[in-house]
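Novice: Sequence first, predicted model second:
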Amino acid sequence: MIKILFICLGNICRSPMAEFLLKDMVKKRGIAGDFYIASAATSTYEIGNPVHRGTRVKLAQYGISVAGKTAVQLTKEDYARYDYLIGMDTANIRDIMRIIGSDLQHKVYKLLQFAGSERNIADPWYTGNFDVTYDDIYEGCTALLDYLQNKTIV
């Protein structure tokens, strides 16, 4: 089983969008049983809060529900639990490293790296543009699945 943790600042916009989008993608490909997918925050700002309305509305356009998801914080122990810790932007990567200490097993990535880009995924909390964020996350998740398919048994 491949264990993936998506990470952003508050765990209410980008990382849950990536979590539930990837869950939907693997379900549609018939490989959901090969994955454990979750998301977390680098901060404590939103802990316990539900997914942002903008993310809920955007995912609902594709029939994807985030019901029951509330924000949780990344812990140092998560490094041992997951195969991939995937941040949305450079600041997230810096904060992930602050929390986990080191990445000796090379598990930490920025999502769009899988698509061959060093671009950040803009935080729609600030931009208000959930469409652009969705498009970037879709691009990253598609590339991540392609990467895993070429690398593993997926």
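Specialist: Yep, it's here.

Novice: model confidence over stretch 67-80, on average?
Specialist: Taken as a whole, stretch 67-80 carries a mean pLDDT of 98.

Novice: Run the chain-centre distance for stretch 54-72.
Specialist: Mean-position distance between stretch 54-72 and its chain equals 13 Å (Cα atoms, centre = their mean, to the nearest Å).

Novice: Endpoints of it, how far apart?
Specialist: 19 Å (Cα to Cα, to the nearest Å).

Novice: How many neighbouring residues does residue 97 have?
Specialist: 15 (other Cβ atoms under 10 Å). Where you see a C-beta, it was placed from the backbone N, CA and C, and this is true even at glycine.

Novice: Tell me the secondary structure at it.
Specialist: Judged by DSSP: H, G, I helix; E, B strand; the rest coil, the three-state class of residue 97 is helix.

Novice: So, low pLDDT: which residues of this structure?
Specialist: 152-154 (pLDDT under 70).

Novice: those helices in it, which residues are they?
Specialist: For the chain, applying DSSP state H gives helices covering 14-28, 53-60, 78-81, 90-100, 124-127, 130-151.

Novice: Can I get the first one in CSV, CA atoms only?
Specialist: Okay, so that is helix 14-28. Taking only C-alpha atoms (Å, rounded to 0.1, in the frame of the first residue of the first chain), the coordinates of helix 14-28 have been written out as CSV:
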residue,chain,number,x,y,z
ARG,A,14,-5.3,22.9,-0.9
SER,A,15,-4.3,19.7,0.9
PRO,A,16,-7.8,18.4,1.4
MET,A,17,-8.5,19.3,-2.2
ALA,A,18,-5.6,17.1,-3.2
GLU,A,19,-6.5,14.4,-0.8
PHE,A,20,-10.1,14.0,-2.0
LEU,A,21,-9.3,14.5,-5.7
LEU,A,22,-6.6,11.8,-5.6
LYS,A,23,-9.0,9.5,-3.7
ASP,A,24,-11.5,10.0,-6.5
MET,A,25,-8.9,9.4,-9.2
VAL,A,26,-7.7,6.1,-7.7
LYS,A,27,-11.3,5.0,-7.1
LYS,A,28,-12.1,5.7,-10.8
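
Novice: Before I go, just wanted to say thanks for your time.
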